[in-house]
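Participant: Build me a model from this:
(one chain, ligands or ions: 2)
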Amino acid sequence: MAEPEAGVDACQRLMEETVRIFRETYPACEPTIAVAAPGRVNMIGEHTDYNQGFVLPMALPLVTVVVGCKSTDGVISLLTTAKEADEPKRLEFPAPSEANPLSPGLPRWANYVKGVIQHYRASPLPGFKAVMASNVPLGGGLSSSASLEVAMYTFLQQICPDDGDLVEKALTCQKAEHTFASMPCGIMDQFISVMGRKDHALLIDCRSLEVTPVPLIDPNLVVLITNSNVRHTLTGSEYPTRRQQCMEAAKALGKESLRDVCMADLEAAKTCLEAEVYCRARHVISEIKRTTEAADALKARNYWEFGKLMVQSHNSLRDDYEVSCRELDELVAAAMDGEGVYGSRMTGGGFGGCTVTLVDAAAVEKTIQRIKDRYSGTATFYITKPSNGARVLKL
Ligand code: ADP
Ligand code: MG
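Facilitator: Residues are numbered from 1 along each chain as shown. Ligands and ions are numbered 1, 2, ... in the order given. Below is the predicted model:
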């Protein structure tokens, strides 16, 4: 289990290990650059980002690290240390040019990296050698994919500086995921990985892209992440379907997105909508409202109110959006059934992955034990603190 204070050390250790692997892999080169970008946990505001709504994530102490150096041969050499990544883990290709752009292919993991390289906002990119390593669980709903993209972008900034615009950086990483990994994700994951702020969750308005930091630093409060360690394979197809249904609902109501629709509008149009589409929209509209209310509750340090909204969010994701699963429901039920637990919910896209639980520090050990005892699978726990976004590390 990750201790809260372990974050900085864990990042340092991961970097040192990655440097060792770099030297082993490329004995003729010495690394000159090291960067890190975090994964995230979303406290509330699920499936709202692609509806131009609000989200409230925080950056994690878990990171993806990229270590490497420029080369003069115009070749890009990549290696990932991730055991779960598909083979081959090492590959080489020429740095892209206008005449010779990159395109997605196999291995799948490299598409996240290639997409960032192809869409990078400065040129000409020189060749380089890089090793990537991560302590964000892959596919666990803590956004290893965005942390990989943002880490790679941050690495490229060191070898070929862009204008430093952070919003454009996040948008470029999102574009990489859309076009190279075929995942039509919203903006939350890349945004928080770029802009995360120590001791704060960020309320992000996904329409205006305005970011409001909300302090989350109470020593009596713990953000506990529980990984179900399951991932149902539906995720790939279900996400675009949900997105499509949201667009359909907005269109039927004559609006650009569900952000512009209130519950009264939706109720008035209920008979014109397919039952399932109605339920999807009801989740999104209620979740956008819950997210701003939750941010206010957090500002006021009203953790019981915040927790209540978390549970409502979970129930809405389970019943109206239908993206939960038995394992996530079990974890939330086990977490909630004891003292000192403010709230708990599934976090991330759904169908597996993680839950997030807001719990009194004094109750955290008991809560973990209870979840272990009751969960039908094997869970992994992370006690986390809001951490900084992407950064350059000192070698
Ligand atoms: P999540 O972002 O929630 O972890 P995704 O399915 O969006 O889940 O992204 C996981 C995928 O991202 C992995 O299957 C892999 O292809 C890629 N990935 C993430 N981190 C790494 C890494 N360190 N090395 C190689 N591939 C990675
Ligand atoms: Mg992802």
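Participant: who does the host helix or strand of residue 41 touch, helix- and strand-wise?
Facilitator: In this structure, residue 41 sits in strand 33-42 according to DSSP states H and E. Counting contacts by 3 or more Cβ pairs under 8 Å, 6 or more residues apart in numbering; DSSP states H and E, strand 33-42 packs against helix 6-25, strand 57-70, helix 144-159, helix 188-195, strand 352-360, strand 391-392. No exception for glycine: its C-beta is placed from N, CA and C like everyone else's.
Participant: For ligand 1, find the nearest of the ones you listed.
Facilitator: helix 144-159 (3.4 Å; Cβ to the nearest ligand atom).
Participant: what's the neighbour count on the residue nearest to residue 305 when sequence neighbours are not counted?
Facilitator: If the residues on either side of it in the chain are set aside, residue 305 comes closest to residue 297, at 4.0 Å by Cβ to Cβ, 6 or more residues apart in numbering. By other Cβ atoms under 10 Å, the residues close to residue 297 number 21.
Participant: Would you indicate which residues of the helix or strand hosting residue 297 are buried?
Facilitator: Element membership for residue 297, per DSSP H and E: helix 275-299. Using 16 or more other Cβ atoms under 10 Å as the test for burial, helix 275-299 gives 277-295, 297-298.
Participant: do the same with stretch 256-275
Facilitator: For stretch 256-275, by 16+ other Cβ under 10 Å, it's 257-259, 261, 266, 269, 273.
Participant: Export those to a markdown table and append columns for secondary structure, pLDDT and distance to residue 305.
Facilitator: Below are the buried residues of stretch 256-275 laid out as a markdown table (DSSP: H, G, I helix; E, B strand; the rest coil; pLDDT from 0 to 100; distance: Cβ to Cβ, whole Å):
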| residue | secondary structure | pLDDT | distance to residue 305 |
| --- | --- | --- | --- |
| 257 | coil | 98 | 27 |
| 258 | helix | 98 | 24 |
| 259 | helix | 98 | 23 |
| 261 | coil | 97 | 25 |
| 266 | helix | 97 | 24 |
| 269 | coil | 95 | 30 |
| 273 | coil | 96 | 31 |
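Participant: For these, which two are the farthest from each other?
Facilitator: Spanning the widest gap among these are 259 and 273, at 17.3 Å by Cβ to Cβ.
Participant: which bits of this structure sit near ligand 1?
Facilitator: Within the chain, the positions near ligand 1 by Cβ under 6 Å from any ligand atom are 64, 80, 82, 85, 108-109, 112, 132, 134, 138-145, 148, 348.
Participant: Separate out the buried members of those.
Facilitator: The neighbour count (16+ other Cβ under 10 Å) marks 64, 80, 82, 85, 109, 112, 132, 134, 138, 140-145, 148, 348 as buried among those.
Participant: So what's the residue count around residue 83?
Facilitator: Residue 83, neighbours per other Cβ under 10 Å, totals 7.
Participant: which SS class is it?
Facilitator: coil (DSSP: H, G, I helix; E, B strand; the rest coil).
Participant: Point me to the residue of this structure nearest ligand 2.
Facilitator: Per Cβ to the ion, residue 145 is where the chain lies closest to ligand 2, at 3.3 Å.
Participant: Indicate which one of the helices and strands packed on strand 33-42 is closest to residue 378.
Facilitator: Of all the helices and strands packed on strand 33-42, it is strand 352-360 that lies closest to residue 378, at 13.2 Å by Cβ to Cβ.
Participant: Disregarding residues adjacent in the polypeptide, which is nearest to residue 299?
Facilitator: Nearest residue to residue 299 in three dimensions, chain neighbours excluded: residue 214, at 5.8 Å (Cβ to Cβ, 6+ apart).
Participant: From what I see, residue 332 and residue 313 are in contact.
Facilitator: No - in this structure, residue 332 is not within contact of residue 313 by Cβ atoms under 8 Å, at 10.3 Å.
Participant: Neighbour count for these two, which is higher?
Facilitator: Neighbours were counted for residue 332 and for residue 313 using other Cβ under 10 Å; residue 313 has more, 28 against 25.
Participant: Quick check: mean pLDDT of the helix or strand harbouring the more buried one?
Facilitator: Following DSSP H and E, one finds residue 313 within helix 303-319. Helix 303-319 shows a mean pLDDT of 98.
Participant: right, and the helix or strand after that helix?
Facilitator: Using DSSP H and E, the helix or strand that follows helix 303-319 in sequence is helix 326-336.
Participant: Partner strands of the next helix or strand after that following helix and their direction?
Facilitator: Per DSSP H and E, the first helix or strand lying C-terminal to helix 326-336 is strand 341-347. Partner strands and pairing direction for strand 341-347 (DSSP bridges) are strand 352-360 (antiparallel).
Participant: picking up where we left off before, correct me if wrong: the residue of the chain closest to ligand 2 contacts residue 112.
Facilitator: Yes - using Cβ under 8 Å, residue 145 is in contact with residue 112, at 5.6 Å.
Participant: overlap in contacts of those two?
Facilitator: 177, 181 (Cβ atoms under 8 Å, 6 or more residues apart in numbering).
Participant: Fine by me, we can end here.
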